[in-house]
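Peer 1: Generate a structure from the sequence data that follows.
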Amino acid sequence: MHKNKNAVLTFIMKEWLLLISLLALGGTSLWLWKVPHYSLEGVEPIFLFFALFVAAKGIEKSFFFQCLARHMEGGHFLAPKFVLLTFLISLIVSIDVSLVVILPILFAMHIRNKINLAVVVALTAHVGAALTPFGTPQNLFIFSFYHLNVVEFIRVIAPFSMGLLLLFLAASFFIRVEYTAPEACEAPKVNWLMTVAYLLLFGSVVLAVFRIIPIYIAVLPPLFALLFDRKSLRIDYLLLLTFLVFLGLAENVRAIIDIWVTHPGHIFLLTAGLSQIISNVPATLLLEKFTQEWEALLWGSNVGSFGTPIAAMANLIAYRLFLSSGSGAQSGRYLLRFTGFSLIALLAGGGLYVGYLEGWFW
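Peer 2: Numbers count the residues shown, from 1 in each chain. So this is what the prediction gives:
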């Protein structure tokens, strides 16, 4: 009985976000007296996450990340290198993909106290991805909905990205990195056949995310794992369930806002504030039909990705990757430090937006 009680408490502590989301979904559904509608288009990102996670797990099991980590270990300025690498990768691919790529490399390193570096890396991915129309889901929605020009889009959000990159880069120089193993330790043996196979499968999902190839191609990584490598199917399914609950909650909140909001004001504050509760992508989808102030919406959704751990799905991905790295006992410390750093970034982003409105940048 005592063992079962401990197991329940452990589950509650680990899955508190899922449980709170389920309660919120149930409460809003009772308020509206209806269950949320899930469309194929809405569930599509969760399917892509599933495929990405399976491919990333396959790459991890091939020891490629560990090999890469061994090559990156040693030398000076590891933390600034990680910040710049994260920023560049998130510029090229989406924020979620960049986190799935970079954090497993960090967690495979023989260094003490990875929390501070993991937090700064997770936050840096936001500012890199914010600079491109395809970097985050909310950017893509805004870019498409308002039929924007790429140059104008980048001009508007560049002060946010570059300002916070400088902040995170400066902070990284104060992160102390201590190695727990000799720098010249032998790298684990890589299964190159599986590495190449999963890298190709990972790339195919990224192309599907960008709509370069049909989305159904993303079924290949889980199919490959099912046939040849079933251990790679052992991913975080509860995280995918959390995303699914978030979609339903966003749908319910949309219905409530439709009832109570007729004239939105202070779009930036409203978007950033709502992001803290339902995350920035649903907040963007909720508010885009109420306003033509796309610049405020763009800034609000990207600045609003900082703050609480649920302000962006990427924050949840980073948190669950931290847990899956075997650091579950330090989850409270991670959340505390992440929230602290993230709130500073939220305030800094708000300050940059004031500067943007005042014409400080151009």
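Peer 1: The top helix by length along the chain - contacts with which helices or strands?
Peer 2: In the chain, with assignment by DSSP state H, the single longest helix is helix 331-357. Counting contacts by 3 or more CB pairs under 8 Å, 6 or more residues apart in numbering; DSSP states H and E, helix 331-357 packs against helix 115-129, helix 150-172, helix 267-278, helix 294-303, helix 313-322. C-beta coordinates here come from the backbone N, C-alpha and C atoms, glycine included.
Peer 1: can you redo those as JSON lines with mean pLDDT and mean neighbour count?
Peer 2: Below are the helices and strands packed on helix 331-357 laid out as JSON lines (pLDDT from 0 to 100; neighbours: other CB atoms under 10 Å):
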{"stretch": "helix 115-129", "mean pLDDT": "91", "mean neighbour count": "26"}
{"stretch": "helix 150-172", "mean pLDDT": "92", "mean neighbour count": "17"}
{"stretch": "helix 267-278", "mean pLDDT": "83", "mean neighbour count": "21"}
{"stretch": "helix 294-303", "mean pLDDT": "89", "mean neighbour count": "26"}
{"stretch": "helix 313-322", "mean pLDDT": "85", "mean neighbour count": "24"}
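Peer 1: how about a markdown table for the ones you listed, with distance to Leu244 added?
Peer 2: A markdown table is the format used below for these (distance: least, CB to CB, whole Å):
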| stretch | distance to Leu244 |
| --- | --- |
| helix 115-129 | 22 |
| helix 150-172 | 29 |
| helix 267-278 | 14 |
| helix 294-303 | 21 |
| helix 313-322 | 11 |
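Peer 1: Give the next helix or strand downstream of the lowest-mean-pLDDT helix or strand in the chain.
Peer 2: In the chain, no helix or strand scores lower on mean pLDDT, DSSP states H and E than helix 2-14, which sits at a mean of 68. Downstream of helix 2-14, the first helix or strand assigned by DSSP states H and E is helix 16-32.
Peer 1: who touches that next one?
Peer 2: 12, 35-36, 238, 241-242, 245-246, 248-249, 252-253, 255-256, 309-310, 316 (CB atoms under 8 Å, 6 or more residues apart in numbering).
Peer 1: at 10 Å instead, please
Peer 2: 11-12, 15, 34-36, 238-239, 241-253, 255-256, 259, 277-278, 309-310, 316, 319-320, 331, 335 (CB atoms under 10 Å, 6 or more residues apart in numbering).
Peer 1: Quick check: which ranges of the stretch 251-362 of the chain have low pLDDT?
Peer 2: Residues of the stretch 251-362 of the chain meeting the criterion pLDDT under 70: 257-266, 289-290, 327-328, 362.
Peer 1: and if we set it to 90?
Peer 2: Low-confidence segments of the stretch 251-362 of the chain, defined by pLDDT under 90: 251-297, 300, 308-335, 354, 356-362.
Peer 1: got the buried residues for the longest helix of the chain?
Peer 2: For helix 331-357, burial by neighbour count (16 or more other CB atoms under 10 Å) applies to 331, 334-335, 337-339, 341-342, 345-346, 348-350, 352-353, 356.
Peer 1: next one: stretch 23-43
Peer 2: With burial defined by 16+ other CB under 10 Å, the residues of stretch 23-43 counted as buried are 24-25, 28-29, 36, 42.
Peer 1: Skipping adjacent residues, who's closest to the most centrally placed residue in the chain in space?
Peer 2: Closest residue to the average C-alpha location of the chain: Ala314 at 1.1 Å, with CA atoms, centre = their mean. In this structure, Ala314 finds its nearest non-sequential neighbour in Ile95, 4.7 Å apart by CB to CB, 6 or more residues apart in numbering.
Peer 1: distance of the one you found from Gln276?
Peer 2: 18 Å (CB to CB, to the nearest Å).
Peer 1: now Ala208
Peer 2: Here Ala208 is placed at a distance of 31 Å from Gln276 (CB to CB).
Peer 1: Same question for Phe134.
Peer 2: 24 Å.
Peer 1: thought Phe202 was touching Glu60?
Peer 2: No - the pair Phe202 and Glu60 fails to qualify as a contact (CB atoms under 10 Å) at a distance of 11.1 Å.
Peer 1: Out of the helices and strands packed on helix 331-357, flag the one nearest Val219.
Peer 2: Closest of the helices and strands packed on helix 331-357 to Val219 is helix 313-322, at 20.9 Å (criterion: CB to CB).
Peer 1: what residues are up against the residue nearest to the centre of the chain?
Peer 2: Counting by CB under 10 Å, 6+ apart, Ala314 touches 90, 94-96, 98-100, 122-123, 125-126, 129, 136-137, 279-281, 305.
Peer 1: Ile12 now?
Peer 2: 18-19.
Peer 1: If we use 8 Å, what do you get?
Peer 2: Ile12 is in contact with Leu19, counting by CB under 8 Å, 6+ apart.
Peer 1: So it versus Ile95, what's the distance?
Peer 2: Plainly put, Ile12 is 29 Å away from Ile95 if you go by CB to CB.
Peer 1: for Gly163, same thing?
Peer 2: On the measure of CB to CB, Gly163 and Ile95 end up 18 Å apart.
Peer 1: got it, and Phe338?
Peer 2: 15 Å.
Peer 1: Test my guess that Val303 contacts Leu347.
Peer 2: No - judged on CB atoms under 8 Å, Val303 makes no contact with Leu347 at a distance of 9.4 Å.
Peer 1: can you tell me how far Gly351 sits from Val150?
Peer 2: Gly351 is 26 Å from Val150, by CB to CB.
Peer 1: Check Val43 and give its pLDDT.
Peer 2: We have a pLDDT of 80 for Val43.
Peer 1: and it, what are its phi and psi?
Peer 2: The phi/psi pair for Val43 (degrees, to the nearest 10) reads phi -80, psi -20.
Peer 1: Thanks again, I'm all set now.
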